[in-house]
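Trainee: Based on what follows, work out the 3D shape:
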Amino acid sequence: MANNINLTINGIAVNVEEGQTILEAAKKLNIKIPTLCYHKDLCVAGNCRVCVVEQVGNKKLLPACATPVHEGMEIQTNSLEVRNSRKHIIELLLSEHNADCTRCYKNGNCELQELASEYKITNPDFIDLVPFKEYSYDDLSPSIIKDDSKCIRCQRCVRTCADIQYLSALSVAYKGDEMKISTFGEKPMNEVVCATCGQCVIHCPTGALTEKNYIEEVWDVLADPDMHVVVQTAPAVRVGLGEEFNANSSGRVTGKMVAALKRLGFDSVLDTDFTADLTIMEEGTELLTRLKKAIVDKDKNVKLPLFSSCSPGWIKFIEHTNTSMLDNLSSCKSPQQMFGALAKTYYAKHRGLKPEKIVSVSIMPCTAKKFEANRPEMRDSGYQDVDYVLTTRELAIMIKQAGIEFNDLEEEKFDKLMGESTGAAVIFGATGGVMEAALRTAYELVTGREVPFKNLDITPVRGLEGIKEASVVIEDALPEWDFLNGVELKCAIAHGLDNAHKILERIKTGKANYHFVEFMACPGGCLGGGGQPIPTSPEIRKKRMEAIYAEDGDMPIRKSHENPEVLQLYKEFLGEPLGQVSHKLLHTHYTERERF
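Mentor: Down below sits the predicted model:
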């Protein structure tokens, strides 16, 4: 059991656990100490020094984020020396910073801008070095823009990419005044081992890393009377969007989101959750087919475990790092791409529209979806299946630009035809959700009974633990599935690519034996995606997760195979899961990529 430490901060006594930092102790007293390089998700760096404080009896100022407390400490967070030091550090950062704030994409949500405002940096003591610097600007990626003129070298992005995502696509290069954050060989972001997940974006305190936005392109097509613009919305968007408007405490704004999209002028407001249900039908059938080949047919070429394929950041990660395991991936496209292919085929046919006159827009919690939509494989409709991808943040910008008072909107429902969904689809937005949705359907298809968990809530796969494992024993299977009797279906879940790497290593070394593994690139799954509102933290992700499961619990239908619109789709258009039409429109292949 940890010992407690007594200290004073600004003359106020506080008792905290041993091992905590001055920053943490100050938070307990509701004393704000400014930070830039510090982030709850990341290891401590202590390199920006904005958080310095004074310890009575110590000649040097201490970084509050990196200094553990000890008994009897007397800390001053607001002494003259501390204020002057912080102000000079902020001034030094601004001297090398392109401070054209009004034209910056992060204007109003920039931590450096906030500090400059708080400390009233109006007459800086240092000359402006920006005109003398040769900063690089990289906008070649379809997902992420990197602007070195706005980088403060806090290294949050470096730690994010190394510690959370394992890839180290970004690293520190050079020394002294030439020090910068760069990629391998200073190549553009679209040429390196980048998952395009956007975790660097949501951890960046300034505008040095942002999503590549397509707001103006979407406004243009909405204004074109000759184009029919459909929009799909991912499950995690509805539990994140409200944060941009300080909406209700439950976190769920589904009805208001739909109403806002209709006011923006979209011709049809539909739901990615519809194709999440469809994904379960296709991926669940694929899993059962592989199990039959392995157990009954003794096919040694069948690849198990089956890996989920919903997360494009995870897909790009394995294409770079584990090409020998690409055949383990489900061939199913993500729900976004299934939707895009159906929008220009099934939807077009039903609505009597020419596919070339349909513009397919998706609202996603994810920057990697922008990359995914631009993959050359994603054109099975005969056209680019998804034309534009907007993040949750971009949608919020459009709503504000349109003058819509979001919190005052009356709730509306999704349009019909590809707008119906189930609770199983909603939980795709949380880590473990794809697994839970798949088990709800697969177990019932095999046994004729619901999964043996209260209220269909498969709790072992829920939560924010980085790696989770679960198993279900199949008993009394239906005759056509009797070969599965007694089989313990072993599953694993990983979110964050460092955890994904750990699972892959367990499998490759024979330390783990699974049948199905769900991978999500971002911490918490899609709800913690790189396109979600900023800031992010473990507490924010937990709140979003609670909202996801609350939405699931309130849905009238909670199993994907009971979605009436999905059943209609198979009856009228697809035929059957893994059938010929499904294979053409809903399935894909993957690409080996270089690792640098």
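Trainee: Which SSE is immediately downstream of the top helix by length along the chain?
Mentor: In the chain, taking DSSP state H as the definition, the longest helix is helix 272-295. Sequence order places strand 306-307 as the next helix or strand after helix 272-295, per DSSP states H and E.
Trainee: on contacts alone, who are the packing partners of the next helix-or-strand element following that next one?
Mentor: Next helix or strand after strand 306-307 toward the C-terminus (DSSP H and E): helix 312-321. On a contact count with 3 or more CB pairs under 8 Å, 6 or more residues apart in numbering; DSSP states H and E, helix 312-321 meets helix 368-373, helix 497-508, strand 516-520. C-beta coordinates here come from the backbone N, C-alpha and C atoms, glycine included.
Trainee: Among the ones you listed, which comes closest to Gln155?
Mentor: Each of these has some distance to Gln155 by CB to CB; the shortest is helix 497-508, at 17.0 Å.
Trainee: Keeping just the C-alphas, turn the longest helix of the chain into PDB.
Mentor: What follows is helix 272-295, C-alpha atoms only, in PDB (Å, rounded to 0.1, in the frame of the first residue of the first chain):
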ATOM      1  CA  THR A 272     -23.400   3.500 -41.200                       C
ATOM      2  CA  ASP A 273     -24.900   1.300 -38.500                       C
ATOM      3  CA  PHE A 274     -27.000  -0.300 -41.300                       C
ATOM      4  CA  THR A 275     -23.900  -1.600 -42.900                       C
ATOM      5  CA  ALA A 276     -22.400  -2.500 -39.500                       C
ATOM      6  CA  ASP A 277     -25.200  -4.900 -39.200                       C
ATOM      7  CA  LEU A 278     -24.500  -6.100 -42.700                       C
ATOM      8  CA  THR A 279     -20.800  -6.500 -41.800                       C
ATOM      9  CA  ILE A 280     -21.800  -8.900 -39.000                       C
ATOM     10  CA  MET A 281     -23.800 -11.000 -41.500                       C
ATOM     11  CA  GLU A 282     -20.900 -11.200 -43.900                       C
ATOM     12  CA  GLU A 283     -18.000 -11.500 -41.400                       C
ATOM     13  CA  GLY A 284     -19.900 -13.900 -39.100                       C
ATOM     14  CA  THR A 285     -20.600 -16.200 -42.100                       C
ATOM     15  CA  GLU A 286     -17.000 -15.900 -43.100                       C
ATOM     16  CA  LEU A 287     -15.900 -17.000 -39.600                       C
ATOM     17  CA  LEU A 288     -18.200 -20.000 -39.600                       C
ATOM     18  CA  THR A 289     -17.100 -21.000 -43.000                       C
ATOM     19  CA  ARG A 290     -13.500 -20.900 -42.000                       C
ATOM     20  CA  LEU A 291     -14.200 -22.900 -38.900                       C
ATOM     21  CA  LYS A 292     -16.000 -25.600 -41.000                       C
ATOM     22  CA  LYS A 293     -13.100 -25.800 -43.400                       C
ATOM     23  CA  ALA A 294     -10.600 -26.200 -40.500                       C
ATOM     24  CA  ILE A 295     -12.600 -28.600 -38.400                       C
END
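Trainee: just how off-centre is it within its chain?
Mentor: Taking CA atoms, centre = their mean, to the nearest Å, one finds helix 272-295 lying 23 Å from the centre of the chain it belongs to.
Trainee: Please consider this matter closed, and thank you.
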